[in-house]
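Chemist: Need a 3D model of the sequence below.
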Amino acid sequence: MLASRFLTTGRAVSSSIASAERSLRNVWCSSSTRSLVCSAIRKTNSKMADASSEVTKAQQMKVTESPSIFTKIINKEIPGKFLHEDDLCVALVDVNPQAPVHFLVVPRQQIPGISYAKDSDQALLGHLLLVARKVAEQQHLQDGYRIVINEGKNGCQSVPHLHIHVLGKRQLNWPPG
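Modeler: Just a heads-up that it's a prediction; the model follows:
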């Protein structure tokens, strides 16, 4: 239901954006200004398409015994840009960054999501947050950053492997989402 509502809203906004682009052709302004405005509109439209794609992936996600894409990256079956590696976790650059600095902290143990964590995972969960802090310092995020864990379909979790997003180097908005 949420995904279909988001996709319907996305189509309506996309239609409005196309209409705005057409209207701009009739507005008196320099072609470079018009080009900048149209470029910004297209960029916004592209971000909305990316967001609806993530919602779709999250709605379709299934927890399985198969190795996740993160497990394959950790095992170096798929390339990834590692920022940190230790016995418990890795930190790597997000391939779809939502901020100038966007990295993930991923446990080597394939826990499908935070709701699957057990009391016995307490030390690992704390370690993930400490690694997030350490890598954030290495990435010069002294002005602040956001830590996010997406959980389940409505939380827009698209990969069934617990991971922490760390986003920084831009002013983040509140409320998120």
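Chemist: And stretch 95-109, end to end?
Modeler: One end of stretch 95-109 to the other measures 21 Å (Cα to Cα, to the nearest Å).
Chemist: Identify all contacting residues around that stretch.
Modeler: 50, 70, 73-74, 83-84, 87-94, 124, 128, 131-132, 135, 139, 141, 145, 161-170, 172 (Cβ atoms under 8 Å, 6 or more residues apart in numbering). Where C-beta positions appear, they are placed from N, C-alpha and C, glycine not excepted.
Chemist: rerun at 6 Å
Modeler: 70, 74, 83, 89-94, 124, 128, 131-132, 139, 163-164, 166-170 (Cβ atoms under 6 Å, 6 or more residues apart in numbering).
Chemist: Just the buried positions in it, please.
Modeler: In terms of neighbour count (16 or more other Cβ atoms under 10 Å), stretch 95-109 has its buried residues at 98-99, 101-107.
Chemist: Can I get those residues in CSV including distance to Lys153?
Modeler: Listed next are these as CSV, based on distance: Cβ to Cβ, whole Å:
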residue, distance to Lys153
Gln98, 19
Ala99, 24
Val101, 27
His102, 22
Phe103, 24
Leu104, 19
Val105, 22
Val106, 20
Pro107, 21
